[in-house]
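S.K.: this one's structure only:
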């Protein structure tokens, strides 16, 4: 039996460990045990000790894809009830999603949901530079979590939610408070796909066409699914829709927030 796994996407400091800690504390039972995979490239957070010392959770530090795959296959499915995989925020977002697909294909885990955390402070201060990244987070998300809102006008957050509503994004939207807590942690665990991306989905082209003798196309057609726009590569190996590295803007946002705090 495969273990349900949650892919957690976002920038450094967006609150990924905080949300994982909150869900573990509030939504897990006494018979659960969660393996929290986190890259050795990630900076320490205020929640590391809490997760590491929790009676129902523990960290698995990975150095890269091969190391993560080896440690994933070694998990004891009789003990581990959930996996939280915090993607390496120092790497390309598309590469990390692609790597997680390889881990799922290994058979030990199954994708339960993708959580994407948008750093609203970063997006507010540097919208022109980071909007494309936020839109990609929305594209992959089953649950879109809006964090770092303390210094952001409510109108900006409401406009962001309206943006994705107008785009007809099917994901859930959850607000994350200043302590990286969520109001409905159990809802985040529901195994229901609400994402735009289909790279994790099984695909039967014949079934998708829904053809019968009275409904045959007159023109030639292709049975190939269109590739995910963020996964598509050009002939030179580069992504057709590359995403910016926004880590520097996340760091600058923290500096601006500190300055705002001193002025209060």
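M.R.: Perfect, thanks for sending it. Model, not experiment: these values are computed from the prediction.
S.K.: can you list the low-confidence ranges for this structure?
M.R.: Residues of the chain meeting the criterion pLDDT under 70: 203-224, 264.
S.K.: let me see the ranges of the strands in it.
M.R.: 3-9, 34-39, 57-62, 82-86, 109-119, 143-147, 172-175 (DSSP state E).
S.K.: neighbours of residue 166, just the number please.
M.R.: Close neighbours of residue 166, defined as other CB atoms under 10 Å, add up to 8. Using the backbone N, CA and C atoms, a C-beta is placed for each residue, glycine as well.
S.K.: got the contact list for it?
M.R.: Shown in contact with residue 166 (CB atoms under 8 Å, 6 or more residues apart in numbering): no residues.
S.K.: near the nearest residue in space to residue 62 that is not next to it in sequence, how many other residues are there?
M.R.: Closest residue to residue 62 apart from its sequence neighbours, by CB to CB, 6 or more residues apart in numbering: residue 68 at 3.9 Å. Each residue near residue 68 was counted by other CB under 10 Å, and the total is 23.
S.K.: pretty sure residue 68 contacts residue 104?
M.R.: No - here residue 68 does not reach residue 104: they are 11.7 Å apart, not a contact under CB atoms under 8 Å.
S.K.: hang on, the earlier thing: check the gap between the residue nearest to residue 62 and residue 97 for me.
M.R.: Taking CB to CB, to the nearest Å as the measure, residue 68 and residue 97 are separated by 14 Å.
S.K.: okay, and the common contacts of those two?
M.R.: Shared contacts of residue 68 and residue 97, defined by CB under 8 Å, 6+ apart, are absent.
S.K.: find the residue closest to residue 137 in space, skipping its chain neighbours.
M.R.: Residue 137's closest residue in space is residue 116 (CB to CB, 6+ apart), at 3.8 Å.
S.K.: enumerate every residue touching that neighbour.
M.R.: 9-10, 137-138, 140-141, 143-145, 171.
S.K.: so residue 169 makes contact with residue 138?
M.R.: Yes - here residue 169 reaches residue 138: they are 5.4 Å apart, a contact under CB under 8 Å.
S.K.: which residues are in contact with each of those two?
M.R.: Contacts common to residue 169 and residue 138, judged by CB under 8 Å, 6+ apart, are 144, 196.
S.K.: rewinding a little: between the strands of the chain, which one is closest to residue 248.
M.R.: Among the strands of the chain, the nearest to residue 248 by CB to CB is strand 109-119 (12.5 Å).
S.K.: in that closest one, which residues are buried?
M.R.: For strand 109-119, burial by neighbour count (16 or more other CB atoms under 10 Å) applies to 109, 111-119.
S.K.: and if you look at stretch 227-245?
M.R.: Buried residues in stretch 227-245, counted by 16+ other CB under 10 Å: 228, 230-231, 243.
S.K.: wait, which of the strands of the chain is closest to residue 197?
M.R.: Comparing the strands of the chain by CB to CB, strand 109-119 comes nearest, at 8.1 Å.
S.K.: give me the contacts around the helix ranked longest in the chain.
M.R.: The residue-count maximum for a helix in the chain (DSSP state H) belongs to helix 247-263. Here helix 247-263 makes contact (CB under 8 Å, 6+ apart) with 11-14, 89-90, 119, 121-122, 124-126, 129-130, 148, 150-151.
S.K.: ok, now with 7 Å
M.R.: Contact partners of helix 247-263, identified using CB atoms under 7 Å, 6 or more residues apart in numbering, comprise 11-13, 89-90, 119, 121-122, 125-126, 129-130, 151.
S.K.: in helices, which of those residues appear?
M.R.: Using DSSP H, the contacts of helix 247-263 in helices are 121-122, 125, 129-130.
S.K.: quick one: which of those is most hemmed in?
M.R.: Most surrounded of the ones in helices among the contacts of helix 247-263: other CB under 10 Å gives residue 122, at 31 neighbours.
S.K.: now it, nearest residue through space, not along the chain?
M.R.: Spatial nearest neighbour of residue 122, excluding adjacent residues (CB to CB, 6+ apart): residue 253 at 4.1 Å.
S.K.: for residue 195, same thing?
M.R.: Per CB to CB, 6+ apart, closest to residue 195 is residue 142, 4.9 Å.
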